[in-house]
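Colleague: I'd like to go over a predicted model; first the sequence, then the structure.
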4 protein chains.
Amino acid sequence: MSYRVAILGASGYTGAELVRLIATHPNMEIVGLSGDRKAGMAMAEVFPFLRHLELPRLVRVEELDFSSVHLCFCALPHGTSQEVIAALPRDLRIVDLSADFRLSDPADYEKWYGRPHAAPDLQKEAVYGLTEFYREEIETARLVAGTGCNAAAGQYALRPLLAEGVIDPDEIVIDLKAGVSGAGRALRENLLHAELSEGAHPYSAGGVHRHLGEFDQEFSKVAGRPVRVQFTPHLIPANRGILATVYLRGEPREIHACLARAYEDEVFLEVLPFGELPSIRHVRGSNFCHLGVIGDRIPGRAVVVAAMDNLTKGSSGQAIQNANLMLGAEETAGLMVAPVFP
Amino acid sequence: MSYRVAILGASGYTGAELVRLIATHPNMEIVGLSGDRKAGMAMAEVFPFLRHLELPRLVRVEELDFSSVHLCFCALPHGTSQEVIAALPRDLRIVDLSADFRLSDPADYEKWYGRPHAAPDLQKEAVYGLTEFYREEIETARLVAGTGCNAAAGQYALRPLLAEGVIDPDEIVIDLKAGVSGAGRALRENLLHAELSEGAHPYSAGGVHRHLGEFDQEFSKVAGRPVRVQFTPHLIPANRGILATVYLRGEPREIHACLARAYEDEVFLEVLPFGELPSIRHVRGSNFCHLGVIGDRIPGRAVVVAAMDNLTKGSSGQAIQNANLMLGAEETAGLMVAPVFP
Amino acid sequence: MSYRVAILGASGYTGAELVRLIATHPNMEIVGLSGDRKAGMAMAEVFPFLRHLELPRLVRVEELDFSSVHLCFCALPHGTSQEVIAALPRDLRIVDLSADFRLSDPADYEKWYGRPHAAPDLQKEAVYGLTEFYREEIETARLVAGTGCNAAAGQYALRPLLAEGVIDPDEIVIDLKAGVSGAGRALRENLLHAELSEGAHPYSAGGVHRHLGEFDQEFSKVAGRPVRVQFTPHLIPANRGILATVYLRGEPREIHACLARAYEDEVFLEVLPFGELPSIRHVRGSNFCHLGVIGDRIPGRAVVVAAMDNLTKGSSGQAIQNANLMLGAEETAGLMVAPVFP
Amino acid sequence: MSYRVAILGASGYTGAELVRLIATHPNMEIVGLSGDRKAGMAMAEVFPFLRHLELPRLVRVEELDFSSVHLCFCALPHGTSQEVIAALPRDLRIVDLSADFRLSDPADYEKWYGRPHAAPDLQKEAVYGLTEFYREEIETARLVAGTGCNAAAGQYALRPLLAEGVIDPDEIVIDLKAGVSGAGRALRENLLHAELSEGAHPYSAGGVHRHLGEFDQEFSKVAGRPVRVQFTPHLIPANRGILATVYLRGEPREIHACLARAYEDEVFLEVLPFGELPSIRHVRGSNFCHLGVIGDRIPGRAVVVAAMDNLTKGSSGQAIQNANLMLGAEETAGLMVAPVFP
């Protein structure tokens, strides 16, 4: 069977990444694409790398006909997403890639995003989209909220450890290095090649990055008590990729065993042999996440490093993985493409 | 049906690219991998980006059993290839990715490679692997010689034009920009990040680059008279990609029409609308080649620009395309993966 | 003696490059900085890399007092520059870095820039700022028009050859590779890191790039007859640098001898030994231009390659060199800083 | 007065950086250059970016005449350095850039470098070269040991804080991002452009990086008790630069005040306003180190970030700063060159 999908916000990077991956998906077909500012244009004009594909022309959201659509990916900007989704048919399956439905508590949403949520009923309905940990809920969900890309990397490194209590939940530092595509296709001075190439710098440091909202919500849930992590993201001169270096208190071998056990059956989560650490370039363009554990010379301290592609496993690949579950397709369908190296 | 293939020289970039592409090939299975210097190692150690795949361990060539192998890819260094292939079973189908069998005239080989060929009988047998122009010969060939990556880019831009006589064959300049992976995984000072990043420079200029041997052989054959092009390759700070800017004498519209007509049915060769020019980043990681034509303000002059990925369409993708033909598989099998952008 | 200078448009890349170089200039002092959109800000906020310097705060142009200023650098956008300069004191020495006064013929200006010049009297007064060829005029000029960065690279490669008639003036192809800072600090999608890194593509091809106006004007003047070159600029993933590969008809050794002779006494123009070609990375951050000549295998054809930093020798370094001449300072003052490598 | 200096190991990156900086030093003159593997070559051949300079030809160390040399920079590989220096005249002033004399305790040296020191008397004599903290000793020293580049970055962030006791010395995590030139010009696979570009990964993690020897020695000395930090260096795709993100326990404002006070009179150490964090690209190519402090949302936790150029402030710039002190020259001579941006 072939599933008909639409993509809202197809003129951004996550939208394009959805198209890239669906292009070789065995049973998913793109029947609608929206991109308000670029409505009327062909995808080949907006993204010439997709010109070999036969794709619908970009239209405005309200021009799309959802009657025969099995599932809709929503890759719109934060804030816009909740408004658009509120106006979509209420029986349409949706995977949202924005931040709008990641936090389930309205107060949390307002705290981190600075305004009340415009669709609190949908916020309540939405299932958090970290596939490996919400598989059953996702299978039956109508609305799935894709996680933040940084949030996903941090959670893959930490959830099993918090769940099993093998680390001190009050002593967690996440130092994260992120490629520039995570910031989207926005026209901002700090995203220019000349400003970024040959550089590296922290941003949203000191506890203000919005993905902390997800960390707080999820880690506290997993640990059964409030957990607050320290988190410093850095921008590095790479287009894709997240490398999360996580500093922990606990027995390194126990930490490694815990992660290896937790992800034993997971296709996309690879735990490296103890002492080996991953690299962004080994997951680029793929849905795989590599995880490594090493002990420090100071007893009782360990470092977990997670590497993944922010656009794939951190966003559009995850979205397709969730869509596969929601549609009853093979979970890995369209996602087994190998990383691109070099 | 599933075809069993072996890859010799799997520890280099073109070998790894073969594995990457075959990983999602619907009917090709890797049953043997050789890599002399890294014999005994797992591919995941040599190329951690392939760790999600179940692959044979690297062995020495002589340890491989070819009895049940349908086809062998040979990604060995130039010079080594001819010796190794000469020792392989004479009924084994082979796609060679080295330079060893590209030139059919022993004198030409000696001129460009500085020594006599070690397997002149095989040299005679080999079919030149520029798929779109040697499709029939390749289908029945036992030994196919993959083209040089730069040579492929230049030929896609020029062959139909020379064949139809719409350009002056004595007035051709190919200015080529190449990513660094084309030089392989060799430990050379000029391939270090610190020597290459933020730079750009010509190399093998003035008529000494070996791919000129292919240009001379093929263009003269196509034009039915000797053709000598001017060719200056440049190294640019990108990992993958070739951009060939070709300066020509002829009517720009006629040139565009000629290319569009020639490649009308070709899946992997995309001729852009007249006046649009391609970019490396729109073909990266894929088997597609984008071609653009523009006229100059000086009447009777035109520029053709070809963009492709040196490791894919320029080498390993081409090799699989040829293997598909030789094995009777779908020509595009395993090759429809979209470019990776950004 | 110390010369007091002002910089208009100090919040762009060429403005910042002026400040960087003047910072170690032995007898130049910055007494005024304008930047309309960032008026009121400290330079350290706009360009944190300059924070070690004591600099005037950015103000609006009209807030500057020119009464004690010896010379004013104008690094404003094209179009704005002519309006602002027209309103400055008529006895103020000015080095303009924009395109506004490069073309001396009003018709040429209108042809290439699409509108009539707003200050035709100043246009007539302006001296073209290619230092090595207009030294005497610059020494006594009040208004000097900095050349285009690409235009400078091409002219260094070609002027002596056209002047001495050692090449065919009807057979010139300039294939140019340019770093991204040449496009300025503009917020344009194609200048984003994610759009440019790992890529390369031509732009303004086919005879429409505005620096062709300068080539036409200058080359025709030098050759004493109309000269029209073919010119294709390409954007490469580097922040700084221009590499111009120039294809010529003429005797390679004669071409080399001609350039070597012409630049024998020039501090900043280095002609490499015959057969050696330059690289962007060897001039980055400096006022030097390296030139190389090689012959082709086709007799009577040669390639000249020029490498320079677009922001330094191509713009701000040239501007200071001209200012030194206008002020009676040592021509090389502040400009002998070595390239930054790696 | 002009000081005559020699540079041993001038064919590596730190050697070349010494030459680059000395090129504009007002009173230092290079009278000898050694480079064993490249003996006989001109520096312009080894480093074409230095071709505008008149420099002595590279010779073997034993060919150098030190009789009229005021000071010798030794930029040789670790291990070699101690042997060569042991054979130099005992009254020759030396600034060593290798790791050989950084650790003053023979047992420490053997622990971190895996073999006994070959010149234990010199090891005892050597002064640690972190200029701002050893100024008086350096002024009268004969042999100064340049610090590790990572070690310098970490110490600038931490020394005043440990000295004044404003942080918990048992809770220090240094997460460091380093450009590739820190690894030198070695031919190693992981330093190839194709292996590094678009990537990022930790190396020497878990407490084995040799700069920990310096951290242990210096921090324990400063704190008056044993201090052991956690330290994870990462390689990022940039040529130059170190960004050290340091996680601390203490009052953020107090930490900021402590650093600001400590570096108030230091020309090269810039403490940014509280809450602002530095970036590699703002110090590239210069001798400046930018330091920023921010508080975390978790009370009592802070992050200090230090950015500097590994080749300049981290190595060759520091060496010249020390040489200036030893020779009685102005401490900042030759070092006030501004960073290169973009």
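Modeller: In hand now; what should we look at?
Colleague: hey, let's count contacts and neighbours off CA atoms from now on
Modeller: Will do.
Colleague: Next, find the distance separating residue A:7 from chain B.
Modeller: 17 Å (C-alpha to the nearest C-alpha, to the nearest Å).
Colleague: On the three-state scheme, residue A:270 is what?
Modeller: Three-state call for residue A:270 (DSSP: H, G, I helix; E, B strand; the rest coil): strand.
Colleague: Now do it, the pLDDT please.
Modeller: What the model reports for residue A:270 is a pLDDT of 98.
Colleague: Quick check, it in contact with residue A:261.
Modeller: No. Applying C-alpha atoms under 8 Å as the test, residue A:270 and residue A:261 come out as separate, 11.0 Å apart.
Colleague: Bridged to the closest residue in space to residue A:127 that isn't next to it in sequence, which residues?
Modeller: Nearest residue to residue A:127, sequence neighbours excluded (C-alpha to C-alpha, 6 or more residues apart in numbering or on different chains): residue A:144, at 4.8 Å. Taking DSSP bridges as the rule, residue A:144 bridges to residue A:95, residue A:127.
Colleague: before we move on, the earlier item: between residue A:270 and residue A:261, tell me which one has more neighbours.
Modeller: Neighbours per residue, other C-alpha atoms under 10 Å in any protein chain shown: of residue A:270 and residue A:261, the larger number sits with residue A:270, 22 against 13.
Colleague: hang on, residue A:42 packs against residue A:58?
Modeller: Yes. Residue A:42 lies in contact with residue A:58 (C-alpha under 8 Å); the separation is 6.0 Å.
Colleague: rewinding a little: I'd assumed residue A:96 was in contact with the residue nearest to residue A:127.
Modeller: Yes. Contact criterion C-alpha under 8 Å: residue A:144 and residue A:96 qualify, at 6.1 Å.
Colleague: ok so, going back, compare residue A:42 and residue A:58 (neighbour count), which wins?
Modeller: Taking neighbours as other C-alpha under 10 Å, residue A:42 and residue A:58 compare with residue A:58 leading, 26 against 18.
Colleague: Tell me if I'm right that the more buried one and residue A:33 touch.
Modeller: Yes. If you go by C-alpha under 8 Å, residue A:58 and residue A:33 touch, sitting 5.1 Å apart.
Colleague: which outside residues touch the longest helix seen in chain A?
Modeller: Longest helix of chain A, by residue count under DSSP state H: helix A:149-164. For helix A:149-164, the external contacting residues (C-alpha atoms under 8 Å, 6 or more residues apart in numbering or on different chains) are A:130, A:167, A:169, A:174, A:176, A:182, A:211-212, A:214-215, A:219, A:222-223, A:242-244, A:246, A:255, A:258-259, A:262, A:291, A:304-308, A:310-311, A:313-315.
Colleague: Now narrow those to whatever sits close to chain D.
Modeller: residue A:243 (C-alpha under 8 Å from any C-alpha of the partner chain).
Colleague: The contacts of helix A:149-164 in helices, which ones?
Modeller: A:211-212, A:214-215, A:219, A:222-223, A:255, A:258-259, A:262.
Colleague: For residue C:37, state which of these is nearest.
Modeller: Taking C-alpha to C-alpha as the measure, residue C:37 lies nearest residue A:211 of those, at 32.5 Å.
Colleague: Next up, the contacts around residue A:84.
Modeller: By C-alpha under 8 Å, 6+ apart, residue A:84 has no neighbours at all.
Colleague: Mind telling me what element it is part of?
Modeller: helix A:80-86 (DSSP states H and E).
Colleague: Figure out how far that helix is from the centre of its chain.
Modeller: From the chain centre to the centre of helix A:80-86 is a distance of 19 Å (C-alpha atoms, centre = their mean, to the nearest Å).
Colleague: How about stretch A:333-342?
Modeller: 16 Å.
Colleague: outside of stretch A:305-314, which residues touch it?
Modeller: So stretch A:305-314 is contacted by A:13-14, A:17, A:147-150, A:152-154, A:156-157, A:178-179, A:181-182, A:240-246, A:277-280, A:283-293, A:317-318 (C-alpha under 8 Å, 6+ apart).
Colleague: cutoff 7 Å now
Modeller: A:14, A:17, A:148-149, A:152-153, A:157, A:182, A:240-246, A:277-280, A:283-293, A:318 (C-alpha atoms under 7 Å, 6 or more residues apart in numbering or on different chains).
Colleague: cool, and stretch A:191-208?
Modeller: Against stretch A:191-208 from outside (C-alpha under 7 Å, 6+ apart): A:180, A:190, A:230-237, C:180-181, C:191-193, C:196, C:239, D:238-239, D:277-281, D:294-297, D:342.
Colleague: How far does that stretch sit from its chain's centre?
Modeller: With C-alpha atoms, centre = their mean, you get 20 Å for stretch A:191-208.
Colleague: Dump that stretch to PDB, restricted to CA.
Modeller: The C-alpha coordinates for stretch A:191-208 follow below in PDB (Å, rounded to 0.1, in the frame of the first residue of the first chain):
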ATOM      1  CA  LEU A 191      24.400  32.300   9.900                       C
ATOM      2  CA  LEU A 192      26.400  33.800   7.000                       C
ATOM      3  CA  HIS A 193      29.300  31.700   5.800                       C
ATOM      4  CA  ALA A 194      31.700  34.600   6.500                       C
ATOM      5  CA  GLU A 195      30.500  34.800  10.100                       C
ATOM      6  CA  LEU A 196      30.600  31.100  10.800                       C
ATOM      7  CA  SER A 197      33.300  29.400   8.800                       C
ATOM      8  CA  GLU A 198      36.500  28.900  10.700                       C
ATOM      9  CA  GLY A 199      34.800  29.800  14.000                       C
ATOM     10  CA  ALA A 200      32.900  28.300  16.900                       C
ATOM     11  CA  HIS A 201      31.000  29.900  19.800                       C
ATOM     12  CA  PRO A 202      28.400  29.100  22.400                       C
ATOM     13  CA  TYR A 203      24.900  30.500  22.100                       C
ATOM     14  CA  SER A 204      21.800  30.500  24.300                       C
ATOM     15  CA  ALA A 205      24.100  29.600  27.200                       C
ATOM     16  CA  GLY A 206      23.400  29.800  30.900                       C
ATOM     17  CA  GLY A 207      20.100  28.000  31.000                       C
ATOM     18  CA  VAL A 208      17.900  29.900  28.500                       C
END
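Colleague: in that stretch, what's buried?
Modeller: Residues of stretch A:191-208 classed as buried: A:191-203, A:205-207 (neighbour count, 16 or more other C-alpha atoms under 10 Å in any protein chain shown).
Colleague: pLDDT of that stretch, averaged?
Modeller: pLDDT averaged over stretch A:191-208 gives 94.
Colleague: Then stretch A:112-132?
Modeller: Mean predicted confidence for stretch A:112-132 is 97.
Colleague: That stretch: end-to-end distance?
Modeller: 25 Å (C-alpha to C-alpha, to the nearest Å).
Colleague: Repeat that for stretch A:199-215.
Modeller: End-to-end for stretch A:199-215, by C-alpha to C-alpha: 27 Å.
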